[in-house]
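Q: Here is a sequence together with a model predicted from it:
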2 protein chains.
Amino acid sequence: MTSAPTFAQLGEDALIARILARIPQDGTVVVGPGDDAAVTDAPGRLVSSADMLVEGEDFLDGWLDPHRLGVKAAAQNLADVRAMGARPTGLLLSLAAPGDTPASFVDGLVDGLVEEAGRAGAVVLGGDLSDARQIVIAVTALGSLPAQSAPLTRNAARPGHTVWLGGRTGWAAAGLDALFAGAEVVETPAAEAGEIPAAEAARLPAAAAPDALLATAIEAQRAPRPAYEAVDALREALDGQPAALIDLSDGLGSDAGRLARASGVDLDLDSAALDALADDLVPVAHRVRALEEAAEADTDEPVADAASQEESAARARARRWVLTGGEDHGFLATVPEGVHPIGWRLVGRVRPVSTVPSVLIDGVPVGDSGFVAVDPDGGFRHFSGSGE
Amino acid sequence: MTSAPTFAQLGEDALIARILARIPQDGTVVVGPGDDAAVTDAPGRLVSSADMLVEGEDFLDGWLDPHRLGVKAAAQNLADVRAMGARPTGLLLSLAAPGDTPASFVDGLVDGLVEEAGRAGAVVLGGDLSDARQIVIAVTALGSLPAQSAPLTRNAARPGHTVWLGGRTGWAAAGLDALFAGAEVVETPAAEAGEIPAAEAARLPAAAAPDALLATAIEAQRAPRPAYEAVDALREALDGQPAALIDLSDGLGSDAGRLARASGVDLDLDSAALDALADDLVPVAHRVRALEEAAEADTDEPVADAASQEESAARARARRWVLTGGEDHGFLATVPEGVHPIGWRLVGRVRPVSTVPSVLIDGVPVGDSGFVAVDPDGGFRHFSGSGE
């Protein structure tokens, strides 16, 4: 046995034993990992969602330590359960990986899963291991809603509702651009980085700490920490009134479009509110541009833009991140007039559909609004295809 | 749009719409696929299990049509839920596949999942799609147990219990050997093939229909149809008494060993009972050997064995399938004296542990029993490693 055994060297049974030793259980778990299936006491309605991370597709080797990968895999699933208004209870992990993967990979991955599950009030219940040519992490998140309690679905937006954002949008996309531009990955422990609440990080004074903002964006991409608690604030403000809710996994414009189509309404976003969201990202856009210029300087003569051009380009990029950037797992809600969820930002209003259910900015289609130059529905998709 | 579009040509949104159109819902589903998460009315305790199928590892392209792959992916997960004594309620599918996969692949896969879920009383609740270099099918099965009802775990075997087999063992392994030997895959529709109950197929007169037995073995490998109803018969016979239960996914010897270790007992199998199970597989072993000889004849001069040698080799192979063959998803139970579950076969007895918890045959360690020449614990494992 070497000091760094691989999956193939350890074997399935020893790997599973190693994983089980890292998974704490709580009082709701009747049978934890290690039997044919897990058994939990889960009163009320069952909420379930599945989501994958694939190496080379959803993450690149080198950007993500196993711990952050575990956090990210957990977060994207827990946010889906939270986005039904439910309380997450458990996670199941299916991991396929090449035989030469170091066994320490599962240690970090499971620790990240356990940690982020704990932040959302859930535990890791079980899973499966398999051999594969690339790493595939498939997670299922489970949650519960009180019996007879209505879930917060995406088809419940009604004209007259106001539109609110809980958590962040655009930060993970900014982090992705920064990583593509060659930004240095700061190796703070993920657990420590995770202790900065999303809301607080977004409130950092922009001018004072562009590097801190850049680091926040990169961390948002590597290990998103959804504002799970925002859904509690929403439910409290609603006090039983109906509302629509969706997890922002593919981008604000794209997911707002899904909500609009599911509800048969127009969703009218406010440009000033979007620009307020973009404000914090403008310094990040400047830093990313500087990184790109430094990289280009290796091959080409850098062309210095005029300061006003640079400012306008950074603003345009920040707006694009806000409107089309996915993977932050913020929450978008529409609520009846008079409901003001604490900690959420008012970003628009639901209107009766004019032609087909659409996302508008200041009352006009996004493409005509002059707010961004790109397709607002251009959020992330697997298989880019043309549809049918 | 061509007549056979690929995943990449259709795109994620159109593929998801195509999948959703194939998934029927039932009255327990509050929110079906298409929102952030599914919501179901699931009274009692929650049972959950996750299991993967990986192309090239768990199945080879060409052996399995997408429909049977769906059946197999569903069956291995539903059997895990059933093996806790629970009633399956839902499945979630995470599918990673290359962009050049034909879109018709998901049609068959989802139809197979839906069909086998229905056979077990469950529905398909949701899932996720991603791009990958090889096909990875990760399924989570959910189920429910009445509140306060004790699950049937693998750690509940007690000395004096009798040991019973529900469903089959060895057939899927026989089918795998037949496929490796070049057996022709009979392209009956999976749905039709699935209509032959496992118990009935196993009772086919061996001498009369060796080809039918071979086809049954191949079908058991391609699209296992676990005897879910056997668990109902078990619970009825138990009438609330405690029992141990495990799903036979890796092989009778291997999974019996897990049950023995979890319970701290010896599990003593009866050689006559095992040979009765092997009886039906002896004709299959002869047919597989004939296929192998035909393949060898292409390169070498065939060496005709004496008839008695052939019979003994076929018996040895059938015994090995029974003891080490996985993927049938039969059920192994230990129950208190006097409990006789209808439709199950009595195959042994639980004894106090003598040295370390072990599987015995006729009271002696399997290796000394002369029953098989191979490691009885040599069931299927991902990552063959040496452990630690």
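A: Arrived safely, thanks for sending.
Q: For chain A, just list every one of the helices.
A: Applying DSSP state H to chain A gives helices spanning A:7-10, A:12-20, A:66-82, A:104-119, A:171-180, A:190-193, A:198-202, A:210-222, A:229-238, A:252-263, A:271-279, A:282-297, A:307-324, A:366-369.
Q: deepest of those helices, which one?
A: Of all the helices of chain A, helix A:66-82 carries the top mean neighbour count, a mean of 29, counting by mean count of other Cβ atoms under 10 Å in any protein chain shown. (C-beta placed from N, C-alpha, C; glycine too.)
Q: Switch the helices of chain A over to CSV; also include distance to residue B:177 and mean pLDDT.
A: Output for the helices of chain A, formatted as CSV (distance: least, Cβ to Cβ, whole Å; pLDDT from 0 to 100):
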stretch, distance to residue B:177, mean pLDDT
helix A:7-10, 25, 92
helix A:12-20, 22, 89
helix A:66-82, 37, 96
helix A:104-119, 32, 96
helix A:171-180, 48, 94
helix A:190-193, 47, 46
helix A:198-202, 55, 44
helix A:210-222, 47, 90
helix A:229-238, 53, 96
helix A:252-263, 49, 96
helix A:271-279, 61, 96
helix A:282-297, 56, 90
helix A:307-324, 53, 93
helix A:366-369, 60, 88
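Q: Which one of the ones you listed lies nearest to residue B:179?
A: Of all those, helix A:12-20 sits nearest to residue B:179, with 23.1 Å by Cβ to Cβ.
Q: ok, what's across the strand from the residue of the stretch 51-200 of chain A found nearest chain B?
A: Nearest to chain B, among the residues of the stretch 51-200 of chain A, is residue A:138, at 3.5 Å (Cβ to the nearest Cβ). For residue A:138, the beta-bridge partners under DSSP bridges are residue A:52, residue A:94.
Q: same question, the one 5 residues further on
A: With DSSP bridges as the criterion, the beta-bridge partners of residue A:143 are residue A:47, residue A:88.
Q: just to revisit the earlier point, do I have it right that the residue of the stretch 51-200 of chain A closest to chain B meets residue A:50?
A: Yes - with contacts counted by Cβ atoms under 8 Å, residue A:138 reaches residue A:50, the gap being 6.7 Å.
Q: Ok, which of the helices of chain A comes nearest residue B:296?
A: Comparing these by their distance to residue B:296 (Cβ to Cβ), the top pick is helix A:7-10, with 31.2 Å.
Q: residues in contact with the residue of the stretch 51-200 of chain A closest to chain B?
A: Each residue near residue A:138 by Cβ atoms under 8 Å, 6 or more residues apart in numbering or on different chains is listed here: A:50-52, A:93-96, B:50, B:52, B:94, B:96, B:128, B:136, B:138.
Q: So which bits of the stretch 101-250 of chain A are right by chain B?
A: Contacts of the stretch 101-250 of chain A with chain B, taken as Cβ under 8 Å from any Cβ of the partner chain, map to A:125-134, A:136, A:138, A:140-143, A:145, A:147, A:151, A:153-155, A:245-247.
Q: Of the residues you listed, grab the buried ones for ChimeraX.
A: Here is the ChimeraX command that selects the buried residues among those (16 or more other Cβ atoms under 10 Å in any protein chain shown):
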select /A:125,126,127,128,129,130,131,132,133,134,136,138,140,141,142,143,145,151,153,154,155,245,246,247
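Q: The residue nearest to residue A:156 when sequence neighbours are not counted: neighbouring residues, count only.
A: Counting by Cβ to Cβ, 6 or more residues apart in numbering or on different chains, residue A:156 lies nearest to residue A:244, which is 4.1 Å off, once chain neighbours are set aside. Neighbours of residue A:244 under the rule other Cβ atoms under 10 Å in any protein chain shown: 24.
Q: Surely residue A:244 touches residue A:154?
A: Yes - between residue A:244 and residue A:154 there is a contact at 5.7 Å, judged by Cβ under 8 Å.
Q: so what sits against both of those two?
A: A:259, A:262, A:263.
Q: And chain A, what are its domain boundaries?
A: According to automatic domain parsing, chain A comprises the domains A:7-145, A:162-369.
Q: Go ahead and measure how far the first one is from the middle of the chain.
A: Pointing back at domain A:7-145 there. 16 Å (Cα atoms, centre = their mean, to the nearest Å).
Q: I'd like to know which of the helices of chain A is closest to residue B:175.
A: That would be helix A:12-20 among these, by Cβ to Cβ, at 22.6 Å.
Q: that older thread, retrieve the pLDDT associated with the residue of the stretch 51-200 of chain A closest to chain B.
A: Residue A:138 carries a pLDDT value of 97.
Q: Residue A:359 too?
A: The model's pLDDT for residue A:359 equals 97.
Q: got a pLDDT number for the residue of the stretch 1-150 of chain A found nearest chain B?
A: Residue nearest to chain B within the stretch 1-150 of chain A: residue A:11 (2.7 Å; Cβ to the nearest Cβ). We have a pLDDT of 89 for residue A:11.
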